[in-house]
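Participant: Can you look at this prediction? I've put the sequence above it.
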Amino acid sequence: MSASSQTSILLIYTGGTIGMIQNPETGALGNFNFDQLLLQVPEIKQFNLDIFAYAFEPPIDSSDMSPDLWAELVRIIYSNYEKYDGFVILHGTDTMAFTASALSFMLEGLMKPVILTGSQLPIGALRTDGKENLLTAIEIAAAKNDDGTPVVPEVCIFFHEKLMRGNRTTKISAENFDAFESNNYPILAHSGIEIQYYRHFIRPYDPKATLKPHYKMNADIIIFSLFPGIQPTIVKKILKSPDLKGIIFRTFGSGNAPRFSWLTQSLTEATQAGKVIVNITQCSTGSVKMHLYETGCQLLEAGIISGHDSTVEAAITKLMYLIGQELPPESIRAEMKRSIAGEISV
């Protein structure tokens, strides 16, 4: 890259709908060459920025996203961290919130913008939402304060006029342009005629922070949701699995579970065996408060820890990250109960 005093942005294309174009003969969607981006979005040329691109080859459908590919994103960002002022990741919507959450933990000490975006319609479609999402994501990634520090020094998702903390975001719609929501934390910015930043909700810039990349994620965990009529034989088999290291336990309301003796006993035995069980609510908003009711207190006594107001995506990737650090169970439980990347309100 040639030396330049201009703000520089690296676009990382992983795949997904935003990078697809319709074949005029067959009507089928296929990935277009990323070098054609300027033909699809000529408005990019109006930015007074140095914009460079990196594309996964072959592109990845977001349903195929994996911890290994998260590690590859971390490598790309870390190896280019000093070259660029911000990063924009083009990503399929289905697992975007998982990727954003994972990167928020794997990029420890991040102090530059990493903005994920995508679209519900291909960027070549007539009514695409991709152009607006892409252009605004680039503008946010390049935004600086008067002192030259980045306005948004964290991992975020920008989608349909809203900038959201990555590990607070979840996909809520497969059909609407307004496809993502941050239910338990305010949005960080809103894009209208101008981009209005809500700076008191954005993680503060720390000039002493140093980026420390993490590449290991341990996926020996499951998401386990309660429902009326759940069967003990199946639950016991899951909890006794020798390879299982952690469980995201999705409970009712504010963290409640049925008072079945077999369930309490099975959960207690699992935590005593070193398995880390994290309680998060099945509700789209709100927080786990196990001390409120007897149906929650029994879980505390079984050694289950609160995931507070975590999203499923943040809880699962945080647990993968902590187990990947090969910490003892008690240390993992302690870290799950505190906010390490703004993922929970404690």
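Facilitator: On my side now, so go ahead.

Participant: is it true that Leu263 touches Lys236?
Facilitator: No - using CB atoms under 8 Å as the test, Leu263 is too far from Lys236 to be in contact (9.2 Å). The way it works is simple: take the backbone N, C-alpha and C, and place the C-beta from them, glycine included.

Participant: the more surrounded of the two?
Facilitator: Leu263 (20 against 15; other CB atoms under 10 Å).

Participant: and the one helix or strand that one maps to, what does it pack onto?
Facilitator: Using DSSP states H and E, Leu263 maps to helix 261-272. Of the remaining helices and strands, those touching helix 261-272 by 3 or more CB pairs under 8 Å, 6 or more residues apart in numbering; DSSP states H and E are helix 232-239, strand 276-281, helix 294-301.

Participant: mind redoing it with 6 Å?
Facilitator: In this structure, helix 261-272 makes packing contacts with helix 232-239, judged by 3 or more CB pairs under 6 Å, 6 or more residues apart in numbering; DSSP states H and E.

Participant: in the helix it packs on, what counts as buried?
Facilitator: Using 16 or more other CB atoms under 10 Å as the burial criterion, the residues of helix 232-239 that qualify are Val235, Leu239.

Participant: So what are the sheet partners of the following helix or strand past it and their directions?
Facilitator: Stepping forward along the backbone from helix 232-239, the first helix or strand reached (DSSP H and E) is strand 246-251. Each strand pairing with strand 246-251, determined using DSSP bridges, is listed with its direction: strand 221-225 (parallel), strand 276-281 (parallel).

Participant: most neighbours per residue, which of those strands?
Facilitator: Highest mean neighbour count among the strands paired with strand 246-251 (mean count of other CB atoms under 10 Å): strand 276-281, with a mean of 25.

Participant: Tabulate the strands paired with strand 246-251 in a markdown table, adding columns for mean pLDDT and distance to Lys162.
Facilitator: As requested, the strands paired with strand 246-251 are exported to a markdown table (pLDDT from 0 to 100; distance: least, CB to CB, whole Å):
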| stretch | mean pLDDT | distance to Lys162 |
| --- | --- | --- |
| strand 221-225 | 96 | 26 |
| strand 276-281 | 98 | 23 |
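
Participant: Spatially nearest residue to Ala270 (excluding sequence neighbours)?
Facilitator: What sits nearest to Ala270 in space, not counting adjacent residues and going by CB to CB, 6 or more residues apart in numbering, is Leu239, at 4.4 Å.

Participant: Could you report the pLDDT at that neighbour?
Facilitator: As summarised for this prediction, Leu239 has a pLDDT of 95.

Participant: shouldn't it be in contact with Leu267?
Facilitator: No - counting by CB atoms under 6 Å, Leu267 is not a contact partner of Leu239; they are 7.0 Å apart.

Participant: Specify the next element, helix or strand, located C-terminal of the helix-or-strand element of the chain with minimal mean pLDDT.
Facilitator: Taking mean pLDDT, DSSP states H and E as the measure, strand 29-31 is the helix or strand of the chain with the lowest mean score, a mean of 60. Downstream of strand 29-31, the next assigned helix or strand under DSSP H and E is helix 37-40.

Participant: which helices and strands sit right next to that next one?
Facilitator: Using 3+ CB pairs under 6 Å, 6+ apart as the contact definition, helix 37-40 packs against no other helix or strand.

Participant: Quick one: neighbours of Ser287, just the number.
Facilitator: Under the neighbour criterion other CB under 10 Å, Ser287 is assigned a count of 18.

Participant: how does this structure divide into domains?
Facilitator: Following automatic domain parsing, the chain resolves into domains at 8-213, 221-336.

Participant: got these as JSON lines, with distance to Gly342 columns?
Facilitator: Written out in JSON lines, the entries for those read as follows (distance: least, CB to CB, whole Å):
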{"stretch": "domain 8-213", "distance to Gly342": "6"}
{"stretch": "domain 221-336", "distance to Gly342": "10"}
